[in-house]
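Trainee: everything below, folded, please.
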Amino acid sequence: MQAEAVLAGLDPEQRAVAEATRGPVCVLAGAGTGKTRAITHRIAYATLTGVVAPQRVLAVTFTTRAAGELRSRLRALGAPGVQARTFHAAALRQLTYFWPKVVGGDPPKIIESKLGLVRDAARECGINQTDIAKLRDMASEIEWAKVTQHRPEDYMDAAARFGRKPSTDVVEVARVYAEYDRLRRERNLLDFEGMLELTVAVLHDEPQVLRQVREQYRHFVVDEFQDVNPLQKMLLDTWLGDRDDLCVVGDPNQTIYSFTGATSSYLLDFTKQHKDARIVRLVRDYRSTPQVVKLANDVIGRARGDAAKRHKLELVAQREDGPDPVFSEYGDDASEVADVARRCRKLMDEGVPAREIAVLFRINAQSARIEEALNDAGVPYVVRGAERFFERPEVREAVVRLRGAARAGGDAELDGLGLIQTVRHVLT
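Mentor: Residues are numbered from 1 along each chain as shown. This next block holds a predicted model:
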């Protein structure tokens, strides 16, 4: 593909991003404004014009799926050699490659979930391990502490300073955190935060490794920059050094991981760290109707704080008119999901195909109640982006146990729908 062909079809703001191939660039991109299109075309244009070799580019995003989408689009645009990875995947790749050369022996094993180790740590501390919700909360607090670079001995002061309110006592969290770290070292394990820390340590402690990495990657693009946490920022700064070929993309109004230690301040203050940064705003919303965009603008317009107001994006709808959004309030979760299911059933009875109806929910924990309500209303459904309730490993195990208990007791076997409430009780 020719370089100029890459620019064809971009709107003026997207084209401005694509043509800004050097130096620090900050792209403030509202929802549905084509930010992935803009940054992939920017990378492709930079490589096709010879500004940078594809293998010298590292594009970083937050999910494996998003990284795969970047790679797919870049291949189609004629830039197949670009590395597009998550922070963790990029760090793991570097750590795995350099470990035999600078440390030797087997590298630590990466743990996918903290929960098992937190349970063992709680046991060592004489704390009840049967409360799964409590253990999950402790694991979340440990993750937050590690992301924000607070050690076990600092956790209680940090939790008070940042207004953390875990469901369990902070003294218990601190004890479990200290034991968690001891067991992790003893068993030669690494969690995701430790992997980033260790990568940074190897790069700083081994100058030849740092030189090799900086020689390899000279051009950086970071998507969803509003959700970068202090540990990820430390790794990015280590990769970058004193260079400024960095393009960041994000929207401070879409920050969703602040509870884990992420902060939009790195995006909001980008020009403070990079004085000569170019800022491009993507505001043409291609996804939603004018009615939805107006609602989004109204909500965002109430943002507080000078930084948020300074970087506010007023989106401009590009689609035709649609129906006005409708709001409903409910007294509790049960009433809400029951009405959602009723409305879905009503639409289907009016002739709307089920495949044209979508129910969006904020977190996976809400899925079970919604699935139960849809089942009760006779609404067929498919779960996207998460496992169906009965396909989750812990639910399968609970179902097997409950059915075994029912048979042993001589009762009739429980059916699938009747299990949901019982399984939820067992799991929580």
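Trainee: point out where this structure drops to low pLDDT.
Mentor: 1, 303-311, 385-428 (pLDDT under 70).
Trainee: residue closest to the middle of it?
Mentor: What sits nearest the mean C-alpha location of the chain, by Cα atoms, centre = their mean, is Phe62, with 5.3 Å.
Trainee: ok, it to Ile300 distance?
Mentor: 21 Å (Cβ to Cβ, to the nearest Å). C-beta: built from backbone N, CA, C; applies to glycine.
Trainee: hang on, the earlier thing: from what I can see the residue nearest to the centre of the chain touches Phe87, true?
Mentor: Yes. Using Cβ atoms under 8 Å, Phe62 is in contact with Phe87, at 7.5 Å.
Trainee: how many neighbouring residues does Pro323 have?
Mentor: Pro323 has 8 neighbours, counted by other Cβ atoms under 10 Å.
Trainee: look up the closest residue to it, ignoring the ones flanking it.
Mentor: When the adjacent residues along the chain are set aside, Pro323 lies closest to Gln291, with 6.7 Å between them (Cβ to Cβ, 6 or more residues apart in numbering).
Trainee: flag every buried residue along the host helix or strand of the one you found.
Mentor: In this structure, Gln291 sits in helix 290-300 according to DSSP states H and E. Going by neighbour count (16 or more other Cβ atoms under 10 Å), the buried part of helix 290-300 is 290, 292-293, 296-297, 300.
Trainee: and what of stretch 258-269?
Mentor: 261-268.
Trainee: could I get those residues as JSON lines with distance to Ala365 and secondary structure?
Mentor: Formatted as JSON lines, the buried residues of stretch 258-269 follow (distance: Cβ to Cβ, whole Å; DSSP: H, G, I helix; E, B strand; the rest coil):
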{"residue": "Gly261", "distance to Ala365": "20", "secondary structure": "coil"}
{"residue": "Ala262", "distance to Ala365": "20", "secondary structure": "coil"}
{"residue": "Thr263", "distance to Ala365": "24", "secondary structure": "coil"}
{"residue": "Ser264", "distance to Ala365": "24", "secondary structure": "coil"}
{"residue": "Ser265", "distance to Ala365": "28", "secondary structure": "helix"}
{"residue": "Tyr266", "distance to Ala365": "28", "secondary structure": "helix"}
{"residue": "Leu267", "distance to Ala365": "28", "secondary structure": "helix"}
{"residue": "Leu268", "distance to Ala365": "30", "secondary structure": "helix"}
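Trainee: let me have these in CSV, extended by distance to Ser72.
Mentor: Formatted as CSV, the buried residues of stretch 258-269 follow (distance: Cβ to Cβ, whole Å):
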residue, distance to Ser72
Gly261, 30
Ala262, 26
Thr263, 30
Ser264, 28
Ser265, 32
Tyr266, 27
Leu267, 26
Leu268, 31
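Trainee: between these, which is closest to Val316?
Mentor: Set against Val316, the nearest of the buried residues of stretch 258-269 by Cβ to Cβ is Leu267 (21.2 Å).
Trainee: ok, back up a step: need the contact list for the residue nearest to Pro323.
Mentor: 321-325 (Cβ atoms under 8 Å, 6 or more residues apart in numbering).
Trainee: pick the one among these closest to Ser335.
Mentor: Pro325 (19.8 Å).
Trainee: can you list contacts of the host helix or strand of Val176?
Mentor: Using DSSP H and E, Val176 maps to helix 170-186. Helix 170-186 has contacts (Cβ under 8 Å, 6+ apart) with 111, 114, 117-118, 120-122, 124-125, 127, 138, 141-142, 145, 152-153, 155-156, 159-160, 164, 166, 189-191, 194.
Trainee: return a ChimeraX selection command for the buried portion of those residues.
Mentor: Here is the ChimeraX command that selects the buried residues among the contacts of helix 170-186 (16+ other Cβ under 10 Å):
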select :111,114,117,118,120,121,122,127,138,141,142,145,152,155,156,159,164,190,191,194
